[in-house]
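Novice: Provide a 3D model corresponding to the input given below.
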Amino acid sequence: MPEASVLHLADGGDVRDHVDAAAHAALVAYLERARPHAHSDIGSRLMAAGRALPGACTAFSPSFAGMRYVLLVRGRTPFALAFDMHSVALRLAGSAAEGARAWEPAPGWTTVDLWRPGVAEPDLRGLVLRAWEAAA
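Specialist: Numbering: from 1, shown residues only. Here you go, the predicted model:
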(Lines give C-alpha, C1' and ligand atoms only; values in the text may rest on other atoms or scores of the structure.)
Protein backbone atom coordinates (compact mmCIF):
# COMPACT_ATOMS: atom_id res chain seq x y z
CA MET A 1 0.00 0.00 0.00
CA PRO A 2 1.54 3.36 -1.01
CA GLU A 3 2.28 6.05 1.56
CA ALA A 4 -0.22 8.86 1.90
CA SER A 5 0.94 12.22 0.59
CA VAL A 6 2.31 14.24 3.49
CA LEU A 7 4.39 17.39 3.33
CA HIS A 8 6.10 18.14 6.64
CA LEU A 9 7.17 21.77 7.09
CA ALA A 10 10.47 22.53 8.81
CA ASP A 11 10.80 26.28 9.32
CA GLY A 12 14.16 27.43 10.63
CA GLY A 13 17.17 25.64 11.95
CA ASP A 14 20.12 24.11 10.20
CA VAL A 15 19.94 22.30 6.86
CA ARG A 16 22.23 19.63 8.38
CA ASP A 17 19.39 18.63 10.70
CA HIS A 18 17.43 17.44 7.65
CA VAL A 19 20.05 16.39 5.11
CA ASP A 20 22.86 13.83 5.17
CA ALA A 21 25.55 16.50 4.87
CA ALA A 22 28.37 14.06 4.09
CA ALA A 23 26.49 12.48 1.19
CA HIS A 24 25.34 15.85 -0.17
CA ALA A 25 28.39 17.97 0.70
CA ALA A 26 28.37 20.11 -2.47
CA LEU A 27 24.73 21.12 -2.02
CA VAL A 28 25.13 21.82 1.71
CA ALA A 29 28.28 23.87 1.06
CA TYR A 30 26.44 25.93 -1.57
CA LEU A 31 23.45 26.57 0.71
CA GLU A 32 25.68 27.60 3.60
CA ARG A 33 27.90 29.81 1.44
CA ALA A 34 25.33 31.44 -0.87
CA ARG A 35 22.41 31.58 1.59
CA PRO A 36 19.97 31.85 -1.35
CA HIS A 37 16.54 33.40 -1.23
CA ALA A 38 13.48 32.30 -3.17
CA HIS A 39 10.61 34.39 -4.43
CA SER A 40 7.46 33.34 -2.58
CA ASP A 41 5.83 32.24 -5.86
CA ILE A 42 8.66 29.78 -6.54
CA GLY A 43 8.68 28.42 -2.99
CA SER A 44 4.88 28.06 -3.02
CA ARG A 45 4.92 26.26 -6.37
CA LEU A 46 7.57 23.83 -5.14
CA MET A 47 5.64 23.11 -1.93
CA ALA A 48 2.44 22.53 -3.95
CA ALA A 49 4.34 19.98 -6.04
CA GLY A 50 5.56 18.38 -2.79
CA ARG A 51 1.98 18.13 -1.51
CA ALA A 52 1.01 16.25 -4.70
CA LEU A 53 3.61 13.50 -4.16
CA PRO A 54 2.36 9.98 -3.41
CA GLY A 55 4.39 9.80 -0.17
CA ALA A 56 6.03 11.82 2.55
CA CYS A 57 8.71 14.48 2.30
CA THR A 58 9.87 17.53 4.20
CA ALA A 59 9.92 21.12 2.98
CA PHE A 60 12.77 22.85 4.81
CA SER A 61 13.55 26.56 4.77
CA PRO A 62 15.82 28.54 7.07
CA SER A 63 12.93 31.04 7.06
CA PHE A 64 9.71 30.73 5.07
CA ALA A 65 8.70 34.24 6.22
CA GLY A 66 12.11 35.62 5.22
CA MET A 67 11.68 34.14 1.73
CA ARG A 68 14.77 31.97 2.02
CA TYR A 69 15.20 28.94 -0.21
CA VAL A 70 12.83 25.95 0.00
CA LEU A 71 14.40 22.49 -0.06
CA LEU A 72 12.38 19.28 -0.47
CA VAL A 73 13.89 16.27 1.28
CA ARG A 74 12.94 12.57 1.21
CA GLY A 75 14.34 10.80 4.24
CA ARG A 76 17.64 12.68 4.47
CA THR A 77 18.07 12.99 0.69
CA PRO A 78 17.42 16.42 -0.84
CA PHE A 79 15.75 16.30 -4.24
CA ALA A 80 14.37 19.74 -5.17
CA LEU A 81 15.32 23.32 -4.36
CA ALA A 82 13.47 26.59 -5.02
CA PHE A 83 15.75 29.61 -5.19
CA ASP A 84 16.11 32.95 -6.94
CA MET A 85 13.22 34.64 -8.74
CA HIS A 86 12.31 31.78 -11.05
CA SER A 87 14.63 28.78 -10.56
CA VAL A 88 14.15 25.24 -9.32
CA ALA A 89 17.04 22.80 -9.05
CA LEU A 90 16.26 19.09 -9.13
CA ARG A 91 18.36 16.07 -8.27
CA LEU A 92 18.00 14.74 -11.81
CA ALA A 93 20.94 14.23 -14.11
CA GLY A 94 20.68 15.09 -17.78
CA SER A 95 18.04 17.09 -19.58
CA ALA A 96 15.03 17.04 -17.28
CA ALA A 97 12.95 19.47 -19.35
CA GLU A 98 13.22 21.88 -22.25
CA GLY A 99 15.72 24.55 -21.29
CA ALA A 100 17.11 22.51 -18.38
CA ARG A 101 20.80 22.77 -17.70
CA ALA A 102 23.34 21.24 -15.36
CA TRP A 103 23.47 23.05 -12.04
CA GLU A 104 27.10 23.75 -11.23
CA PRO A 105 26.90 23.99 -7.41
CA ALA A 106 25.80 20.35 -7.10
CA PRO A 107 26.88 17.60 -9.52
CA GLY A 108 23.98 15.46 -10.70
CA TRP A 109 21.48 18.31 -10.28
CA THR A 110 19.61 20.11 -13.06
CA THR A 111 18.08 23.56 -12.94
CA VAL A 112 14.99 24.80 -14.75
CA ASP A 113 13.44 28.24 -14.92
CA LEU A 114 9.70 28.27 -14.39
CA TRP A 115 9.14 31.43 -16.41
CA ARG A 116 11.17 32.04 -19.56
CA PRO A 117 9.97 34.09 -22.52
CA GLY A 118 9.25 31.91 -25.51
CA VAL A 119 9.66 28.62 -23.62
CA ALA A 120 6.76 26.52 -22.38
CA GLU A 121 6.62 26.25 -18.60
CA PRO A 122 8.05 22.92 -17.46
CA ASP A 123 5.84 20.33 -15.76
CA LEU A 124 7.08 21.06 -12.24
CA ARG A 125 4.92 18.40 -10.58
CA GLY A 126 6.19 15.74 -12.99
CA LEU A 127 9.81 16.80 -12.50
CA VAL A 128 9.46 16.86 -8.70
CA LEU A 129 7.84 13.40 -8.79
CA ARG A 130 10.77 12.03 -10.83
CA ALA A 131 13.30 13.55 -8.45
CA TRP A 132 11.35 12.25 -5.39
CA GLU A 133 11.28 8.74 -6.86
CA ALA A 134 15.03 8.87 -7.60
CA ALA A 135 15.67 9.93 -3.97
CA ALA A 136 14.22 6.67 -2.62
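Novice: what's in contact with stretch 47-54?
Specialist: Contacts to stretch 47-54, defined as CB atoms under 8 Å, 6 or more residues apart in numbering, come from residues 2-3, 5, 7, 57, 59, 70, 72, 80, 124-125, 127-129, 132. In short, each C-beta sits where N, CA and C put it, glycine included.
Novice: cool, and stretch 66-74?
Specialist: 15, 18-19, 31, 35-40, 42-43, 46-47, 49-50, 55-62, 64, 78-83, 128, 131-132, 135-136.
Novice: Narrow those residues to those in helices?
Specialist: Of these, the ones assigned to helices by DSSP state H are Leu31, Ser40, Ile42, Gly43, Leu46, Met47, Ala49, Gly50, Val128, Ala131, Trp132.
Novice: Please tell me the pLDDT value assigned to the closest residue to His39 other than its chain neighbours.
Specialist: Using CB to CB, 6 or more residues apart in numbering and skipping residues adjacent in sequence, the residue nearest His39 is Met85, 4.9 Å away. As predicted, Met85 sits at a pLDDT of 91.
Novice: quick one: low-confidence ranges for this protein?
Specialist: Counting by pLDDT under 70, the chain shows low-confidence ranges at 1-4, 94-99.
Novice: where along it do the strands fall?
Specialist: Per DSSP state E, the chain carries strands over the ranges 6-11, 56-61, 70-74, 77-83, 87-90, 101-102, 110-113.
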